[in-house]
Structures are given as structure tokens and as C-alpha cells.
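Enquirer: let's see this in three dimensions:
(chains A, B, C and D)
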2 protein chains.
Amino acid sequence: MLDNTDLKILKLLKSNCKMQFRDIGEVVHLTGQAVSNRISRMEHFGVIKGYTVLLDEKMLNKSLTAYITIFMKTTNHEVFCEFLSNNESVLEANRISGEGCYMLKIQVNSQEDLNDFLDSVLKYGNYRVNISIGKIK
Amino acid sequence: MLDNTDLKILKLLKSNCKMQFRDIGEVVHLTGQAVSNRISRMEHFGVIKGYTVLLDEKMLNKSLTAYITIFMKTTNHEVFCEFLSNNESVLEANRISGEGCYMLKIQVNSQEDLNDFLDSVLKYGNYRVNISIGKIK
DNA sequence: ATAAATCCTTTCCTGGAGAAAGCAAAAAAC
DNA sequence: GTTTTTTGCTTTCTCCAGGAAAGGATTTAT
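Expert: Numbering: from 1, shown residues only, chains lettered A, B, ... in the order given. Below you'll find the model as predicted:
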């Protein structure tokens, strides 16, 4: 399904998806056309889900990153999942095994916004907060 | 520094950074040129850090996602941070307040790879593992 | 051995993006 | 209050990246 060349292409796209097909082709020893074909195929197949931009969140004042472990109080997971999906502060949300039910990654502007967020979480469950004090990666 | 139009543009780019400037312009009521200028400015300023691709990790057999909290045993954080930076399985790594010292997000192919990873972590510290059993977001 | 499918290259053409010039409005200087 | 400068937009023009189509090589099926 995906050969080594495809994986190389994906790696290049991950580092810069605006890279020109011809330049990608030079790396993987193909013409731009062949690269284009492979990429379309991967888009169509669903391996490539989309193209996005990496932002410096600090400059956007989204300075507060936190990981939040949720311990559900209610059994109404559907409503909670909907809440997560619709909430702009939630960057990631995974159901987890181990301690807790969900692990969230959120990003907000201020301590106050964090408080507000946690308040709104409270009706679904309890939480453990780990605030990021430095991004390594 | 960034006005409302810039933020709208960023939002559009986040949903699809290959969107054509003219189409973006239609949304924010500008010509493609003006949009292009604004984007160049934001790239130059550093708000836009890069362009990347969203992949379906499941199709790449990177099926196992986990959040790992690290409790350092040693005080040699530098070496550990270097380890994190160089390790391909580590998607995110943040120093945290609260319980633990670091929060990692990793992605591997198998339970075995997870074991290997945890083994290599052990020389730096102890860990708590939360394996993702479902991605909500 | 022939037919079909796959994946590549080559060629051609369209249209997006960048550069340059010109314009208008706001900000700064006097 | 008028002039000058700056800023950010539009318009115009040009070039090249990307998509489409056609043709060829290699592999798979019959």
C-alpha cells in the first residue's frame, strides 16, 4: 500500500507541505508528476488528512498550555465528548487507560481562562491539572 | 501587531494551508495580493512557523498513542531533554508543574516498541503511562 | 504469447503567486 | 492646518508550479 518512497514523501511534507513537487522529486528520484500522482493517491486514500499551519502560540497569547486528566463522575460520555469537540481551547482529547478516563491538552490565554475551563469541566468529572512550564518539543 | 483580519486568515490556514490566497481574500474581503502580503509578514515575524501535513497515523501503523508522565530520578535534565528531542516516537514533550516533571506524548507501532521506549526512559526516571484507547480530537 | 494494469515520463496549458507600480488613507512632522 | 512620510491596498504583468493528457516501460494476469 505505502512503499518506502511514499514514506519519504510524507516525511518531507511533514517538514514543509508547501515544498514543490519537483524538489520532492529530486530527493526521491522521481519527476514532479510522479510525486503529484503519489500525493493525490495518498490524499484520496486518506493517509493524508489535510494541510495545516504551525503557529507560534506565544505570539497569539495562547501562552498557557496544560494537560488535564479527567476522572468522570457521570456516565454520560457522549455529552462530554461533544463538549470537548466544540470547545476551542481543547487541542487534543483522548480516552485513556490507566489512571483517569480522558487526557486533554488545552491551550488558553490566561489563568483566568483556565479556571473558567475547569469550572465547565466540573459538571462532568474531576480533574488533575499539569501546566506546561516549558516546551521541549 | 495582529489585527482581526490576520486572525481570520490564520484560522483559514489552520483548516487548510493550501487554500488559495484569492479564496482567502474573498472571505476576509481583500485581494489575493493583500492576503499574500499579510501572510509573508506573519511568516517573517514568526507567528507562522511552518506548514505541515496531517496524517492518519492508524494507516501508518503508528497505532499506539500514549501520554507519559515522567518523575525524574536524576537531576540531569539536559541529557534527558536531548534524548526527547532526538527520539522519533516523542511527539510532544513539556516540562510541567503539578505531579511529575515532564509530560510526553508518544506514538509507536506496538506494545513492544512502547516497552522498549519505557526501558530507555527508566535510566532517567520513573513514569506513569496513559495509553490512548480512543481519539476524540 | 497476449492482454490488462500499473506507474512512470514527457509535453502542453492554465492559472496561482510574486514583483512592480500606482493609489489612497492614515500617521507623523513641521 | 498643511505638508510629508508611511502604511497597506489594488491593479497589472510575468513566470513557473501543478494538473491533464498522451505515450512508454514494466509487471501481473490469462
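
Enquirer: what about A:S15, how many neighbours?
Expert: For A:S15, the count of nearby residues is 12 (other CB atoms under 10 Å in any protein chain shown). (Glycine included, C-beta is placed from N, CA and C.)

Enquirer: any idea how far it lies from A:N115?
Expert: 37 Å (CB to CB, to the nearest Å).

Enquirer: and for A:K62?
Expert: Taking CB to CB, one finds A:K62 at 16 Å from A:N115.

Enquirer: kindly report the same for A:M19.
Expert: From A:M19 to A:N115 the distance is 42 Å (CB to CB).

Enquirer: show me which of these two is the more surrounded one.
Expert: Neighbour totals were compared for A:M19 and A:N115, and A:M19 leads with 15 against 11 (other CB under 10 Å).

Enquirer: which residues touch the more buried one?
Expert: If you count contacts by CB atoms under 8 Å, 6 or more residues apart in numbering or on different chains, A:M19 has them with A:12-13.

Enquirer: let me know the secondary structure of it.
Expert: The three-state label given to A:M19 by DSSP: H, G, I helix; E, B strand; the rest coil is coil.

Enquirer: for the longest strand anywhere in chain A, what is the average pLDDT?
Expert: With secondary structure taken from DSSP state E, chain A has its longest strand at strand A:125-135. Averaged over strand A:125-135, pLDDT sits at 95.

Enquirer: ok, now stretch A:60-68?
Expert: Mean predicted lDDT for stretch A:60-68 stands at 89.

Enquirer: repeat that for stretch A:14-28.
Expert: Stretch A:14-28 comes out at a mean pLDDT of 96.

Enquirer: please apply the same query to stretch A:93-104.
Expert: Taken as a whole, stretch A:93-104 has a mean pLDDT of 95.

Enquirer: buried residues in that stretch?
Expert: A:93-96, A:98, A:100-104 (16 or more other CB atoms under 10 Å in any protein chain shown).

Enquirer: of the residues you listed, which pair is most distant in space?
Expert: A:A93 and A:G98 (15.6 Å; CB to CB).

Enquirer: give me the element A:T74 is part of.
Expert: Counting by DSSP states H and E, A:T74 is held by no secondary-structure element, helix or strand.

Enquirer: test my guess that it contacts A:Y124.
Expert: Yes - contact criterion CB atoms under 8 Å: A:T74 and A:Y124 qualify, at 6.1 Å.

Enquirer: need the overlap of contacts for those two.
Expert: With CB under 8 Å, 6+ apart as the test, A:T74 and A:Y124 both reach A:F80.

Enquirer: more crowded one of the two?
Expert: A:Y124 (21 against 10).

Enquirer: ok, the more buried one - contacts?
Expert: So A:Y124 contacts A:70, A:72-74, A:76, A:79-80, A:83 (CB under 8 Å, 6+ apart).

Enquirer: out of the residues you listed, flag the one nearest to DNA strand C.
Expert: Checking the contacts of A:Y124 against DNA strand C by CB to the nearest atom of the strand gives A:F83 as the nearest, at 35.8 Å.

Enquirer: what's the pLDDT at that closest one?
Expert: For A:F83, pLDDT reads 96.

Enquirer: that one belongs to a helix?
Expert: Yes - the assignment for A:F83 (three-state DSSP) places it in a helix.

Enquirer: for it, what are its contacts?
Expert: Taking CB under 8 Å, 6+ apart, one finds A:120, A:124 in contact with A:F83.

Enquirer: and it, how far from A:I133?
Expert: Distance from A:F83 to A:I133, by CB to CB: 27 Å.

Enquirer: before we move on, what about A:D116?
Expert: In terms of CB to CB, A:D116 sits 21 Å off from A:I133.

Enquirer: pull the longest strand of chain A out as CSV, backbone CA atoms only.
Expert: What follows is strand A:125-135, C-alpha atoms only, in CSV (Å, rounded to 0.1, in the frame of the first residue of the first chain):
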residue,chain,number,x,y,z
GLY,A,125,-15.9,15.0,36.4
ASN,A,126,-12.9,15.7,38.5
TYR,A,127,-9.5,16.6,37.1
ARG,A,128,-5.8,16.7,37.6
VAL,A,129,-4.0,19.6,36.0
ASN,A,130,-0.4,19.7,34.8
ILE,A,131,0.5,23.1,33.5
SER,A,132,3.3,23.3,31.0
ILE,A,133,6.2,25.4,32.2
GLY,A,134,8.4,24.8,29.2
LYS,A,135,8.0,23.2,25.8
